[in-house]
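> attaching a predicted model along with its sequence, questions to come.
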Amino acid sequence: MSAIHSPPASAGTHLEAALLVALAVALPLWEAPKNLLAAAFVLTWLTNRLRARRFGGPWDRWDTLIAVWIGSGVLVAAFAGIHFQEWRGTTDLLRYGLVLWCVKRSNLSDNAILAVIGAAFVATALGLAWGYWRWVTEAKRVYIELHSVGHVNHSAIYLAIVFGSSQSALMALWPRLGLAARAAGLAGLVCLLAFLVAMESRGALAAGLALAVVLASAWWPRERRFGAAALLAVAVIAAALLVMRPTVVTKHLQNAATDNVLSYRDRIWITSLSALREYPVFGVGMDNFSRLDAPRVLGWSKARGEPVDEQAFFFAPHAHSLYFNTLAERGLAGFAALLAVLGAWLASLWRGYPGARGRDVQWAAWGAAFSGWFVTVVAGMANTTLHHEHALLAVLMLGLWLNVRPGRAP
């Protein structure tokens with residue numbers, strides 16, 4: 001067990017930490033406050049650094065990468081193949097990119113880092129209770145959703161990241177917790193998982209269950225029992241799902257019976273590739289996927305001299321895949337920037353793996369950042385991850401990790 005160490009903090013950095021905790025609380029609950037708090041954090045960080053003339057250490061590769069990532073969004077908007085709301089779409093990348101940049105260059109205390117992870121759990125629990133109440137009392141509401149996250153698939157993505165982050169914090173602090181706190185933590189994880197099942201998102205549920213095993217197995221140098229316990233728990237849950245057949249299972253079986261396992265995603269992805277062929281470098285523009293309708297896409301096929309078959313395509317607001325959506329909306333330029341960020345994210349986790357001597361907060365932050373990466377990458381195969389609220393949550397967890405990773409410059 002390692003002690004929690006906190007560097008000296010000024011009133012300004014205390015305010016920054018408080019704003020991050022407030023942001024973690026607002027993200028799943030309220031629409032306007034989360035945007036105001038994100039802006040307030042960035043402005044407070046900038047004001048404090050200008051006053052102190054210290055900006056969190058020398059420029060490094062992460063700074064270059066974040067700048068390129070944000071810049072790629074600006075380029076995509078400037079050279080978008082379709083003009084509609086590409087600049088509005090770019091503001092999403094700008095928002096979570098700036099939050100990541102500022103958190104990465106902060107000097108957060110260990111207690112502040114743990115407080116942000118804990119706040120994300122508490123706020124999500126409150127959001128789930130609120131969503132459940134609305135589901136019970138509003139006859140037209142079909143799914144349980146987090147109010148400010150919205151669509152059930154996006155709520156499930158958000159929940160899966162919080163589930164992994166909470167599991168990581170619980171395992172990191174396990175030796176110092178009493179019996180009651182351990183029981184409460186485990187009960188909280190069970191509740192999060194139950195709601196993840198109830199949300200019926202197959203991709204997010206699969207990512208969440210796999211994440212539980214991977215995270216617990218990663219704790220092998222520190223505590224070997226976690227891996228075995230998680231593997232057993234997931235095996236029991238999987239067996240229960242097969243026996244009890246909740247809606248998420250029956251939905252999958254029904255789709256399989258009609259040869260539609262991907263719920264038309266394969267046809268949406270063909271639409272994405274058609275857009276990529278038309279605008280290969282910068283795509284159609286962020287948030288412009290909805291402009292890919294039958295007349296436009298079939299017109300491209302006709303102009304290429306290809307068979308015009310409307311049944312080969314399916315049209316939707318987004319591509320239901322991080323990768324196909326990025327290819328269509330941002331082209332190869334934006335896709336390369338995305339892969340670079342995801343690759344650097346994983347490389348940082350690999351090189352900074354805390355090992356047996358890692359401090360509690362390093363383990364908690366490492367697991368939270370890994371949760372953001374894993375859910376983004378795995379669930380992103382069949383869902384548009386790294387978008388709005390779950391993007392902010394994922395990069396927030398990455399930023400916490402970059403604060404405490406081994407070898408970080410003070």
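The structure has been received and is ready for your questions. Residues are numbered from 1 along each chain as shown.
> report the mean confidence score over the helix or strand containing Phe374.
When elements are assigned from DSSP states H and E, Phe374 belongs to helix 360-378. Averaged across helix 360-378, pLDDT comes to 96.
> got any ranges where the chain has weak pLDDT?
Applying pLDDT under 70 to the chain flags the ranges 1-12, 243-246, 249, 252, 407-410.
> show me which residues of the longest helix belonging to it are buried.
Counting residues, the longest helix found in the chain (DSSP state H) is helix 322-351. Within helix 322-351, the residues that count as buried by 16 or more other Cβ atoms under 10 Å are 322-331, 333-335, 337-338, 341-342, 344-345, 348-349. Where C-beta positions appear, they are placed from N, C-alpha and C, glycine not excepted.
> sec struct for the residue lying closest to Trp87 once chain neighbours are set aside, please.
Spatially, and ignoring its direct neighbours in sequence, Trp87 is nearest to Ala77 (5.0 Å; Cβ to Cβ, 6 or more residues apart in numbering). What DSSP: H, G, I helix; E, B strand; the rest coil gives for Ala77 is helix.
> so which bits of stretch 200-217 are buried?
In stretch 200-217, the ones that count as buried by 16+ other Cβ under 10 Å are 200-216.
> thinking again about what came up before, my guess is the residue nearest to Trp87 contacts Gly285. True?
Yes - judged on Cβ atoms under 8 Å, Ala77 makes contact with Gly285 at a distance of 6.3 Å.
> give me the common contacts of the two.
Common contacts of Ala77 and Gly285, defined by Cβ atoms under 8 Å, 6 or more residues apart in numbering, comprise 86, 89.
> for the two, work out which one has more neighbours and name it.
Shown here are Ala77 and Gly285; by other Cβ atoms under 10 Å, Gly285 has more neighbours (30 against 23).
> so that one makes contact with Leu75?
No - contact criterion Cβ under 8 Å: Gly285 and Leu75 do not qualify, at 10.8 Å.
> which SSE is the closest residue to Val74 other than its chain neighbours in?
Residue nearest to Val74 in three dimensions, not counting chain neighbours: Thr90, with 6.2 Å by Cβ to Cβ, 6+ apart. Element membership for Thr90 (DSSP H and E) is helix 86-104.
> contact partners of that helix?
With contact meaning Cβ under 8 Å, 6+ apart, helix 86-104 is reached by 20, 23, 35, 38, 41-42, 45-46, 56, 62-63, 66, 69-70, 73-74, 76-77, 80, 284-288, 329, 387-388, 391-392, 395-396, 398-400, 402-403.
> and the angle for that helix with helix 322-351?
Going by axes from the mean of the first three to the mean of the last three Cα atoms, to 10 degrees, helix 86-104 is angled at 10 degrees with respect to helix 322-351.
> hey, C-alpha coordinates of helix 86-104 in CSV?
Provided in CSV are the C-alpha atoms of helix 86-104 (Å, rounded to 0.1, in the frame of the first residue of the first chain):
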residue,chain,number,x,y,z
GLU,A,86,-18.8,21.5,-40.0
TRP,A,87,-17.6,24.4,-37.8
ARG,A,88,-20.1,23.5,-35.1
GLY,A,89,-18.7,19.9,-35.2
THR,A,90,-15.2,21.2,-34.9
THR,A,91,-16.1,23.0,-31.6
ASP,A,92,-16.6,19.5,-30.0
LEU,A,93,-13.0,18.5,-30.8
LEU,A,94,-11.8,22.0,-29.7
ARG,A,95,-13.7,21.7,-26.3
TYR,A,96,-12.4,18.3,-25.3
GLY,A,97,-9.0,18.9,-26.8
LEU,A,98,-8.5,22.1,-24.7
VAL,A,99,-9.7,20.3,-21.6
LEU,A,100,-7.2,17.5,-22.2
TRP,A,101,-4.4,20.0,-22.8
CYS,A,102,-5.1,22.0,-19.7
VAL,A,103,-5.5,19.0,-17.4
LYS,A,104,-2.4,17.4,-18.8
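> run the chain-centre distance for the helix or strand following that helix.
Under the assignment DSSP H and E, the closest C-terminal helix or strand after helix 86-104 is helix 110-137. Taking Cα atoms, centre = their mean, to the nearest Å, one finds helix 110-137 lying 15 Å from the centre of the chain it belongs to.
> can you give me the buried ones in helix 110-137?
Residues of helix 110-137 classed as buried: 110, 112-121, 123-125, 127-128, 130-131 (neighbour count, 16+ other Cβ under 10 Å).
> repeat for stretch 291-299
Those would be 291-292, 296-298, for stretch 291-299 by 16+ other Cβ under 10 Å.
> give me the contacts around the helix or strand that Ala67 is a member of.
Using DSSP H and E, Ala67 falls within helix 61-78. For helix 61-78, contacts defined as Cβ under 8 Å, 6+ apart pick out 86-87, 89-90, 93-94, 97-98, 100-101, 104-105, 282-283, 285-286, 329-331, 333-334, 336-338, 340-341, 344, 348, 402.
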